[in-house]
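Colleague: 3D, please:
(one chain, ligands or ions: 1)
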Amino acid sequence: MKIDQTAERQALYGKLQELNLAPLWESLHTLVPKQPLPRYVPALWRYTDIHSHLMRAGEVITAEEAVRRVLVLENPGLPGNSSITQSLYAGLQLILPDEVAPAHRHSQSALRFIVDGQGAYTTVNGERSTMHPGDFIITPSWTWHDHGNPGIAGVSEPVVWLDGLDIPMVRFFDAGFAENNSSASQIPTQVEGRSFANYGYNMAPVRQLHTERHSPISNYPYARSREALDTLFRSAVLDEWHGIKLRYVNPVTGGYPMPTIAAFLQLLPKGFQGKWHRSSDGTVYHVVEGHGRVQIADQSFSFSPKDTFVVPSWAPVCFDTPADTVLFSFSDRPVLEATGLLREEYFAGHPSTSH
Ligand code: GTQ
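Modeller: Prediction:
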């Protein structure tokens, strides 16, 4: 005897819903997927599309009024979420000459990767860092930070950087706290470059114990990281998937700069045709130098300097670069490693033919 299961089931589901109950068997396959099923999608933001709008934002609102004048890079698969991946936020922040973005602190961790312009600084817990294009700067959880742009050596120009924060992750845990400082700008209490002098030369202070969860270095200067990539390119074997790729470290622990965010810098030399790989940490990439093409699953994007793109969790990715190319990237890898959730796969051929 064939009964009308559909109607009977729907009747049951209706009654369940009134009692805040739901039938697992209707959603089991998406709740426990065979592999990640991200709702966010591969996407690329061209700096040439964004730049004029960012400058226009500089005309319609001051940094003071905005607090942070940022255009959020919002993943088209997560509209209204201010997220670039399920766990991470990215945005392009503009600070004009003589502006100040006032001091505050929050439980969200932030990174800055300097995109354009000279003459701005950020002050993190009393230590000021002058920003240079390509510098990687961290603002760890609950550290006071303010930004300013007084100019430098006669140069007075807009400064733009990429912000990366763990905002969606902190929102997921409902663990967000924030407060404003009573003064807009912190008076520096440390000599500029102090953290780098203490920890940036493969040395460490003999008596001062750094017991924080984040790196004691606040600014990882591009000149040093770039030099490392160049030396390795001339002397080391190229990784067939990543080219020459280094990760930024907390020099005290060898771990990641902050507990929730990993960051990387890689050189893909002229003529590089990378192999396919994938990993369970959805990753945001930013183009520092060069140009090329990234394939993400069945999509292909060409990229130029200052563009930003996102590779979702478990999407196969490969690069080819007709010119020497440097990519900065960041992800939630520390959290996936700490929880045993990080998986990676390196393909010998095309992902569709490798299984
Ligand atoms: O510079 O403190 O893009 O608090 C978003 C939130 C930047 C910042 C953002 C923030 C900041």
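
Colleague: helices along this protein, start to end?
Modeller: 5-18, 28-31, 47-60, 63-66, 167-172, 194-199, 222-235, 333-338 (DSSP state H).

Colleague: show me the contact partners of the second one.
Modeller: Surrounding helix 28-31, the residues in contact under the criterion C-beta atoms under 8 Å, 6 or more residues apart in numbering are 24, 37. In this view, the C-beta of every residue, glycine as well, is placed from N, C-alpha and C.

Colleague: next: the fifth one.
Modeller: The contact list for helix 167-172, computed with C-beta under 8 Å, 6+ apart, reads 81-83, 85-89, 107-108, 176, 260, 332, 335.

Colleague: quick check: beta-bridge partners of the residue in the stretch 101-250 of the chain positioned nearest to the ligand?
Modeller: With C-beta to the nearest ligand atom as the measure, Asp163 is the residue of the stretch 101-250 of the chain nearest to the ligand, at 3.4 Å. Counting by DSSP bridges, Asp163 is bridged to Gly91, Arg112.

Colleague: what distance do you get for it to Pro334?
Modeller: 18 Å (C-beta to C-beta, to the nearest Å).

Colleague: from the ligand, how far out is Thr62?
Modeller: 15 Å (C-beta to the nearest ligand atom, to the nearest Å).

Colleague: contacts only, for that residue.
Modeller: 69, 99.

Colleague: quick one on the thing from earlier: so can I have TSV of the helices of the chain showing mean neighbour count?
Modeller: Listed next are the helices of the chain as TSV, based on neighbours: other C-beta atoms under 10 Å:
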stretch	mean neighbour count
helix 5-18	10
helix 28-31	9
helix 47-60	13
helix 63-66	14
helix 167-172	19
helix 194-199	17
helix 222-235	14
helix 333-338	18
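
Colleague: you'd agree the residue of the stretch 101-250 of the chain closest to the ligand is up against Arg112?
Modeller: Yes - assessed by C-beta atoms under 8 Å, Asp163 is found in contact with Arg112 at 6.1 Å.

Colleague: dihedrals phi and psi, Arg207?
Modeller: phi -120, psi -10 (degrees, to the nearest 10).

Colleague: any idea of the pLDDT on it?
Modeller: Note on Arg207: pLDDT of 90.

Colleague: and it, how close does it get to Asn198?
Modeller: 11 Å.

Colleague: so between Asp163 and Arg112, which is more surrounded?
Modeller: Arg112 (25 against 19; other C-beta atoms under 10 Å).

Colleague: residues from the stretch 251-355 of the chain in reach of the ligand?
Modeller: Residues of the stretch 251-355 of the chain found near the ligand (C-beta under 6 Å from any ligand atom): none.

Colleague: can you pull out the strands in the stretch 251-355 of the chain?
Modeller: In the stretch 251-355 of the chain, the segments counted as strands under DSSP state E, counting those that start in this stretch are 262-268, 272-273, 277-279, 283-289, 292-296, 299-303, 308-311, 317-321, 325-331, 344-346.

Colleague: now the third one: average pLDDT?
Modeller: Model confidence over strand 277-279 averages 98 on the pLDDT scale.

Colleague: show me what that strand packs onto, helices and strands only.
Modeller: strand 317-321, strand 344-346 (3 or more C-beta pairs under 8 Å, 6 or more residues apart in numbering; DSSP states H and E).
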